[in-house]
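Engineer: Take a look and give me a structure for this.
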Amino acid sequence: MLLFCRCGQAMTLSFRMLVFENMYQIDLVPILECEDCSTYELIPSFKQDVTKLLAELKEQQREGRVIFTSVNELASVLYDVYKSGQELLEVSSFNAFLIEKCEERINLLLDLYGYASKEGDADWMEAISFRLSSLSSFVKKRQFLETK
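Structural biologist: Next up, the predicted model:
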């Protein structure tokens, strides 16, 4: 995935642990990283979700480590793409590949939702609906990386 840093060098997709107030750790957060000037930035698409998760952790007074990919479905799909090595594609190809993987995950979640419905498990159906909402919103927008 080819994006450029302020220094002019290419930035790459990576995942990091973010630590807040030395109490809250959010691991596997997707970032863009410049190896040349050693800067990194949170991918804009996830800023609101990370902020919301941090507020929830503070409200619950829950210290410790949270795996972001386990609470954010889009980050989970992105991590799967990252592990497959596809993050080296050009931005347009990467976005197309990511959308394809999101659509596959949506289909899987819809199948799970159907099974949960048959079983009459309302809690499971609600959890799946929540997971579906972020992916559906992303696929509808069909744009992952915001330009500055």
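Engineer: Give me the distance between the two termini of stretch 81-93.
Structural biologist: One end of stretch 81-93 to the other measures 12 Å (CA to CA, to the nearest Å).
Engineer: Show the average pLDDT along that stretch.
Structural biologist: Averaged across stretch 81-93, the pLDDT comes to 73.
Engineer: Flag every buried residue along the longest helix belonging to the chain.
Structural biologist: As assigned by DSSP state H, the longest helix anywhere in the chain is helix 91-119. Under the neighbour-count criterion of 16 or more other CB atoms under 10 Å, helix 91-119 has 94-95, 97-99, 101-102, 105-106, 109, 112-113, 116 buried. For every residue, glycine as well, the C-beta is placed using N, CA and C.
Engineer: Closest one of those residues to S76?
Structural biologist: R105 (7.8 Å; CB to CB).
Engineer: Name the nearest residue to the closest one, sequence neighbours excluded.
Structural biologist: V77 (5.3 Å; CB to CB, 6 or more residues apart in numbering).
Engineer: The one you found: what secondary structure?
Structural biologist: helix (DSSP: H, G, I helix; E, B strand; the rest coil).
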